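Novice: Sequence first, then the predicted structure:
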Amino acid sequence: MKAEPVALEETATPSASGGAGARGRRARVCGRICLVLAMAASLTLAAVGLIATPTDQDLNASAAGAQSLAPTMATQAVAFAGTPAVGALFTVTSGGGLGGHFCSASVVDSPARDLVITAAHCVGGGGSSQIAFVPAYDNGRMPYGIWRVIRVIVDQSWISSANPNADVAFLTVSAPDGARIQDITGGERLGIGQAAGQYVRVIGYPQATNVPIRCGNLARRFSPTQLVFDCGGYTDGTSGGPLLDNVNPTTGLGTVIGVIGGYQQGGDTPSVSYAARFGALVADLYKTAAGQ
């Protein structure tokens with residue numbers, strides 16, 4: 001029986017209680033940073049009138065031919081200056097300022113142009129912290145501003161049983177001036193039903209540093225529902241970072257086919273990372289998120 005997606009909503013008002021510290025259980029678990037819940041409402045797909053997958057993407061297109069040159073397989077992530085659509089998730093203090101960054105996320109293409117994708121274990125559950133997304137964060141620089149998370153959409157099976165195949169979350173973000181984040185940063189295409197074995201670039205924000213890292217290698221099959229990616233350096237804070245296929249060298253945008261999470265909530269060691277494969281569950285979750 002397929003679980004219904006659930007939308008967890010929070011107000012944009014800064015929490016009076018402030019941010020909570022991360023409590024990592026595993027090397028990749030970047031803390032159970034959770035939202036103040038104003039309400040929890042089950043949303044069925046029957047109630048969603050708009051089916052919103054990116055119109056410019058063939059969700060089942062092969063990546064064969066997309067890499068014009070033989071990709072370089074790396075064994076260790078390197079720091080770099082970042083890319084506009086990928087950023088860090090921060091706690092928000094009681095005074096409305098930024099606390100520490102604890103997970104990674106990326107803007108994803110949507111009709112309302114206001115969606116971000118991350119791992120469910122970064123944001124699911126009950127707690128007192130509120131969250132902000134800072135795209136292209138780099139050692140204190142915030143070239144595209146600070147975006148408050150006002151809504152979190154996770155699958156019911158994650159809430160009820162921490163289903164590793166449902167370790168994906170969509171976040172609605174907003175700015176005080178009403179701007180749409182995708183208009184500023186661009187958005188990654190959402191890749192549903194992609195085959196294992198794709199060459200991907202994986203970007204994340206280690207909690208111990210203030211700069212993003214990246215690495216390129218194959219997203220191999222770990223199980224029918226999980227991908228595995230081998231590269232060192234993916235420590236606390238990299239959960240939710242996107243696995244990007246077919247990256248445009250000019251814009252940095254690609255097709256996100258997974259986010260660090262899933263099995264072992266992303267992995268027990270910094271050199272092996274996992275991601276839930278994007279199938280029907282994530283497609284339905286996206287329809288719920290994009291249809292609001």
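Specialist: Everything's here; your move. Residues are numbered from 1 along each chain as shown.
Novice: Let me know how buried Ile203 is, in neighbour terms.
Specialist: Applying other Cβ atoms under 10 Å, we find 27 other residues in the vicinity of Ile203. Glycine gets a C-beta too; all of them are placed from N, C-alpha and C.
Novice: wait, Thr250
Specialist: Other residues close to Thr250 by other Cβ under 10 Å number 6.
Novice: Quick check: pLDDT value at it.
Specialist: Thr250 carries a pLDDT score of 94 in this model.
Novice: what do you get for Ser110?
Specialist: pLDDT, read off for Ser110, is 97.
Novice: before we move on, what about Met1?
Specialist: pLDDT, Met1: 33.
Novice: Sticking with Val200, tell me its helix or strand.
Specialist: Val200 belongs to strand 198-204 when assigned by DSSP states H and E.
Novice: Output the contacting helices and strands for that strand.
Specialist: Judged by 3 or more Cβ pairs under 8 Å, 6 or more residues apart in numbering; DSSP states H and E, strand 198-204 is in contact with strand 98-108, strand 213-223, strand 242-245, strand 255-259.
Novice: nearest to Asp167, of those strands?
Specialist: Proximity of the helices and strands packed on strand 198-204 to Asp167 was assessed by Cβ to Cβ; the nearest stretch is strand 255-259, lying at 7.9 Å.
Novice: now the angle between strand 98-108 and that closest one, please.
Specialist: 130 degrees (axes from the mean of the first three to the mean of the last three Cα atoms, to 10 degrees).
Novice: How far does strand 255-259 sit from its chain's centre?
Specialist: Centroid separation between strand 255-259 and its chain, computed with Cα atoms, centre = their mean, to the nearest Å, is 9 Å.
Novice: picking up where we left off before, can you tell me the strand partners of the strand holding Val200 and which way each runs?
Specialist: strand 213-223 (antiparallel), strand 242-245 (antiparallel) (DSSP bridges).
Novice: and it, C-alpha only, in CSV?
Specialist: Output in CSV follows, covering the C-alpha atoms of strand 198-204 (Å, rounded to 0.1, in the frame of the first residue of the first chain):
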residue,chain,number,x,y,z
GLN,A,198,25.1,7.4,-14.4
TYR,A,199,28.1,9.6,-14.0
VAL,A,200,27.1,12.3,-11.4
ARG,A,201,28.6,15.3,-9.7
VAL,A,202,27.8,15.3,-6.0
ILE,A,203,27.8,18.6,-4.1
GLY,A,204,27.6,19.0,-0.3
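Novice: now it: mean pLDDT?
Specialist: pLDDT averaged over strand 198-204 gives 97.
Novice: Show me what it is in contact with.
Specialist: Around strand 198-204, the neighbours that count as contacts under Cβ atoms under 8 Å, 6 or more residues apart in numbering are 63, 67, 71, 77, 82-83, 86, 104, 106, 212-219, 229, 231, 234, 237-245, 247, 254, 257-258, 260, 273.
Novice: likewise stretch 161-169?
Specialist: 3, 117-124, 152-155, 157-158, 225-226, 240, 259, 261-266, 276-278, 281-282, 285.
Novice: Same question for stretch 175-188.
Specialist: 84-85, 106-110, 112-117, 133, 135-136, 144-148, 173, 242, 244, 251, 253-256.
Novice: Please export the C-alpha coordinates of it as PDB.
Specialist: What follows is stretch 175-188, C-alpha atoms only, in PDB (Å, rounded to 0.1, in the frame of the first residue of the first chain):
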ATOM      1  CA  ALA A 175      11.900  35.900   0.600                       C
ATOM      2  CA  PRO A 176      10.500  39.000   2.200                       C
ATOM      3  CA  ASP A 177      10.300  40.800  -1.100                       C
ATOM      4  CA  GLY A 178       8.300  38.000  -2.700                       C
ATOM      5  CA  ALA A 179      11.000  37.000  -5.100                       C
ATOM      6  CA  ARG A 180      11.100  33.400  -6.500                       C
ATOM      7  CA  ILE A 181      14.300  31.600  -5.900                       C
ATOM      8  CA  GLN A 182      14.400  29.700  -9.200                       C
ATOM      9  CA  ASP A 183      14.300  33.100 -11.100                       C
ATOM     10  CA  ILE A 184      17.600  34.000  -9.300                       C
ATOM     11  CA  THR A 185      19.500  30.700  -9.100                       C
ATOM     12  CA  GLY A 186      18.000  28.500 -11.800                       C
ATOM     13  CA  GLY A 187      16.700  25.100 -10.800                       C
ATOM     14  CA  GLU A 188      17.900  21.500 -11.300                       C
END
